[in-house]
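# only the shape, not the letters, is given here:
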């Protein structure tokens, strides 16, 4: 038989997830109602057109507030200019230092590391940065022709 504290923690977690699902379902119902109303108004103004023919636009995640436009890419690029092989965490540390953020904030460091990793992968796809290794031991450097 499982310990009562395990059962209690699982019940608490389930209640939180169920509450989140219920909130998201309410939001989805509201968005669907909004869409029906907009479609109705479109039909009033253009009865010969089907609103379902309008392609949905992709929504993007909210931009980070840590860096300005193009700043993250520029800072990642500058951190690699030394020619050293750097881990993603090393690059995140340099970004934190460049922005004078709190270096002891582990949550901030993880968020910036994830953003830097996304940027570095985009650089790799363009061929401007080389990835050496895989997983947590991955290192980055500027490509030879960059």
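Arrived safely, thanks for sending. In this text the structure is predicted, and so the values were computed from the model without any measurement.

# from the middle of its chain, how far away would the longest helix along the chain be?
Looking across the chain with DSSP state H, the single longest helix is helix 4-45. Its chain's average C-alpha position is 22 Å from that of helix 4-45, according to C-alpha atoms, centre = their mean, to the nearest Å.

# surely residue 116 is in a strand?
No: assignment of residue 116 by DSSP: H, G, I helix; E, B strand; the rest coil gives helix, placing it outside any strand.

# contact partners for it?
Residues in contact with residue 116, defined by C-beta atoms under 8 Å, 6 or more residues apart in numbering, are 72, 76, 88, 91-92, 95. The way it works is simple: take the backbone N, C-alpha and C, and place the C-beta from them, glycine included.

# at 10 Å instead, please
Neighbour list for residue 116: 72-73, 75-76, 79, 88-95, 140 [criterion: C-beta atoms under 10 Å, 6 or more residues apart in numbering].

# kindly report the same for residue 67.
With C-beta under 10 Å, 6+ apart, residue 67 has these contacts: 73-76, 95, 98-99, 112, 115, 119.

# among those, which ones are buried?
75-76, 95, 112, 115, 119 (16 or more other C-beta atoms under 10 Å).

# out of the residues you listed, the closest to residue 9 would be?
Closest approach to residue 9 among those (C-beta to C-beta): residue 112, at 30.7 Å.

# just to revisit the earlier point, I'd like the next helix or strand past the longest helix of the chain.
helix 71-80 (DSSP states H and E).
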